[in-house]
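> Okay, structure incoming, though there's no sequence with it:
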């Protein structure tokens, strides 16, 4: 079944990413359904450089290289920059 959001752009803020990546047990659907749509290319994630900076603040403090790598894997530079 194709998502009704297929090939749409969705703005994602900091808290959504943190919940999806760092605490999937709180909202399991964010990781198992929402982020999978991005991974499969069915959705395009749009966010800000502020969100990028905010999500990358925590992993070095907790020394969690896997979480940092996960965040970095989500971001692809825009052709505007």
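Alright, I've got the coordinates. Here the structure is a predicted model, which is why all the values come from computation and not from measurement.

> Only C-alpha atoms from now on, for both contacts and neighbour counts.
OK.

> Report the central residue of the chain.
Taking C-alpha atoms, centre = their mean, the centroid of the chain lies closest to residue 17, which sits 4.6 Å from it.

> quick one: contacts for it?
Each residue near residue 17 by C-alpha atoms under 8 Å, 6 or more residues apart in numbering is listed here: residue 55.

> what about it, which helix or strand?
helix 14-22 (DSSP states H and E).

> Pull out the buried residues from that helix.
Using 16 or more other C-alpha atoms under 10 Å as the test for burial, helix 14-22 gives 14, 17, 18, 19, 20, 21, 22.

> Could you do stretch 56-76 as well?
Applying 16+ other C-alpha under 10 Å to stretch 56-76 flags 56, 59, 67, 68, 71 as buried.

> so how far is residue 13 from the closest residue to residue 70 other than its chain neighbours?
Leaving aside its chain neighbours, residue 70 sits nearest to residue 21 (7.6 Å; criterion: C-alpha to C-alpha, 6 or more residues apart in numbering). For residue 21, the distance to residue 13 (C-alpha to C-alpha, to the nearest Å) stands at 13 Å.

> what's the lowest-mean-pLDDT helix or strand in the chain packed up against?
Least confident element among the helices and strands of the chain, by mean pLDDT, DSSP states H and E: helix 28-29 (a mean of 78). Helices and strands touching helix 28-29, as assessed by 3 or more C-alpha pairs under 8 Å, 6 or more residues apart in numbering; DSSP states H and E, are absent.

> This completes my enquiry, with thanks.
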